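> any chance you can model this:
(one chain, ligands or ions: 1)
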Amino acid sequence: MRPLLLLDVDGVLNPIGRPPPGHRRYRCVVDGEAYVVRLNPRHGRQLLDLAEATGAELVWATTWEEHANDWIAPRIGLPSLPVVTVNAATVPVSEHGEMFKTPAVAAYAGRRPFVWFDDQVWAEDEEYLRVHQGVGDFLLVHVDPAHGLTSGHLGTAWEWLTLTGFSQGS
Ligand SMILES: [Mg+2]
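Numbering: from 1, shown residues only. So this is what the prediction gives:
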């Protein structure tokens, strides 16, 4: 089973507040609304290297959903990626304090091992996924939204996939 690398946009690829070095400003228009995002063009290469080294599949887990393929991926050198649908009105309101995306991630991943990069994953999400029937092994990588994704986070993911034996890289 190929592991998944689940990627958030806001607070991860697009840090909140004053952007760290290496980020550039870009304008986006989503459903008629204008946004400014700050992206680091090196992130694409780093994520592709991680995916290649571990045999994992990169997948969006962001409220940007399909828009991430139009406005984010091309600017950092990522190809079009599959999308976890997180905005659907069918997702029930949380009873245990987990984030709104977490049930959607559980359903999408199933038994596949996954690493999830997000600035809003907490102990409640960890707990939800641990007890949820049908979810395999996973690692939640909490990203500080002020700094966004760092090589430290990518290294943590690589290490976990490699040490657990989920890596399918050479
Ligand atoms: Mg976020």
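> going forward, measure contacts and count neighbours with C-alpha atoms only.
Will do.
> G155 versus the residue lying farthest from the centre of the chain, what's the distance?
Within the chain, the residue lying farthest from the chain centre (C-alpha atoms, centre = their mean) is G32, at 24.8 Å. Taking C-alpha to C-alpha, to the nearest Å as the measure, G32 falls 38 Å from G155.
> next: S167.
13 Å.
> the more surrounded of these two?
Between S167 and G155, counted using other C-alpha atoms under 10 Å, the more crowded position is S167 (22 against 12).
> which one is the more buried one nearest to, not counting chain neighbours?
The shortest distance from S167 to any non-neighbouring residue, by C-alpha to C-alpha, 6 or more residues apart in numbering, is to T54 (4.3 Å).
> find me the pLDDT at the one you found, would you?
pLDDT, T54: 97.
> could you do G169 as well?
71.
> dump the residue contacts of the closest residue to it other than its chain neighbours.
For G169, ignoring the flanking residues on the chain, the nearest one in space by C-alpha to C-alpha, 6+ apart is T54 at 4.1 Å. Contact analysis of T54 by C-alpha atoms under 8 Å, 6 or more residues apart in numbering lists 158, 161-162, 166-170.
> neighbour-wise, which one of those leads?
Neighbour-wise, the contacts of T54 (other C-alpha under 10 Å) top out at L161, 24 neighbours.
> helix or strand for it, which one?
helix 151-163 (DSSP states H and E).
> show me what from the chain comes close to the ion.
10-11, 119 (C-alpha under 5 Å from the ion).
> I'd like the residues you listed as JSON lines, with secondary structure appended.
Listed next are the residues of the chain next to the ion as JSON lines, based on DSSP: H, G, I helix; E, B strand; the rest coil:
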{"residue": "D10", "secondary structure": "strand"}
{"residue": "G11", "secondary structure": "coil"}
{"residue": "D119", "secondary structure": "coil"}
